[in-house]
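**Student:** Fold the following.
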Amino acid sequence: LRCLLKQLERGELPVADLKKNLDYAASVLEAVYMEDNRHARRLLDPEDELGDLGSEAVPTQVRDWLASTFTSHMGLVNRRPEDKPSFRSIVHAVQAGIFVERMYRRSSSMTGLSYPPGVISVLKDVDKWSFDIFALNEASGEHALKFTLYETLTRYDLIARFKIPISSLVSFADALEAGYSKYKNPYHNLMHAADVTQTVHFLLLKTGFMVTLLPRRQ
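**Tutor:** Next up is the predicted model:
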């Protein structure tokens, strides 16, 4: 947040965008606070908080990975029970961190792919099952696949991690869209590809598998 303020002072971030981003960040932090209060005295173990989330919500492997990573590797074993974070608060915290990092990565890479205002507005709902791929395609001038691909790769930090040139990624996305549009297929077209990409993102996010894609800090 301090970095956001510095960007604002330098005039590098529009006030309207800053307000929307801070409002979203505040809602995430409020959710973390509420979950911490509700589960402050519960231990993070498979029989407790993790046990409350059925296997249909979060796979066993993911719950086990989170439990081992955020206990043994973060020194939680010797902490008081009331100080241990809940499973949901960990997920919310990770999501908040990814959100903030994504904002800065986007601000530094906008020279490669400019987001029209309409696209930015539609992509606010990219984490939802009800995401409107038709609205994105219209707002982007029929480039739903390119913006969905770029947005999801940025969220998972894959562009920076694998040092993918923005120009090469944009050219690849343009070639994909051209290929999908070549035969005017009413179903297997660029919107269908974008919809599948967003659906995979939604599943990774809501099942917890997204956390396993992050670089693991020892």
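**Student:** Which helix or strand in this protein has the lowest average pLDDT?
**Tutor:** Every helix and strand of the chain was ranked by mean pLDDT, DSSP states H and E. The lowest is helix 49-52, at a mean of 47.
**Student:** ok, how many other residues are close to Ala25?
**Tutor:** 16 (other CB atoms under 10 Å). The C-beta positions use only the backbone N, C-alpha and C, and glycine is treated the same way.
**Student:** Let me fix that, I meant to ask about Ala175.
**Tutor:** 10.
**Student:** Tell me how far it lies from Leu169.
**Tutor:** Note on Ala175: its distance to Leu169, by CB to CB, to the nearest Å, is 11 Å.
**Student:** Equivalent analysis for Leu176, please.
**Tutor:** Per CB to CB, Leu176 is found 11 Å from Leu169.
**Student:** quick one, which of the two is more surrounded?
**Tutor:** More crowded of Leu176 and Leu169, by other CB under 10 Å: Leu169, with 20 against 16.
**Student:** and Leu204, helix, strand or coil?
**Tutor:** Secondary structure, DSSP: H, G, I helix; E, B strand; the rest coil: Leu204 is helix.
**Student:** Not counting residues beside it along the chain, what's closest to it?
**Tutor:** Leaving out its chain neighbours, the residue that sits closest to Leu204 by CB to CB, 6 or more residues apart in numbering is Met210, at 4.4 Å.
**Student:** List phi and psi for the one you found.
**Tutor:** Taking degrees, to the nearest 10, you get phi -60, psi -40 for the backbone angles of Met210.
**Student:** Next one: it relative to Pro165, how far apart?
**Tutor:** As judged by CB to CB, Met210 and Pro165 stand 25 Å apart.
**Student:** who's more crowded, these two?
**Tutor:** Taking other CB under 10 Å, Met210 and Pro165 do not tie; Met210 has more neighbours (20 against 11).
**Student:** residues in contact with the residue lying closest to Ala139 once chain neighbours are set aside?
**Tutor:** If the residues on either side of it in the chain are set aside, Ala139 comes closest to Gly118, at 3.4 Å by CB to CB, 6+ apart. Gly118 is in contact with 138-140, counting by CB atoms under 8 Å, 6 or more residues apart in numbering.
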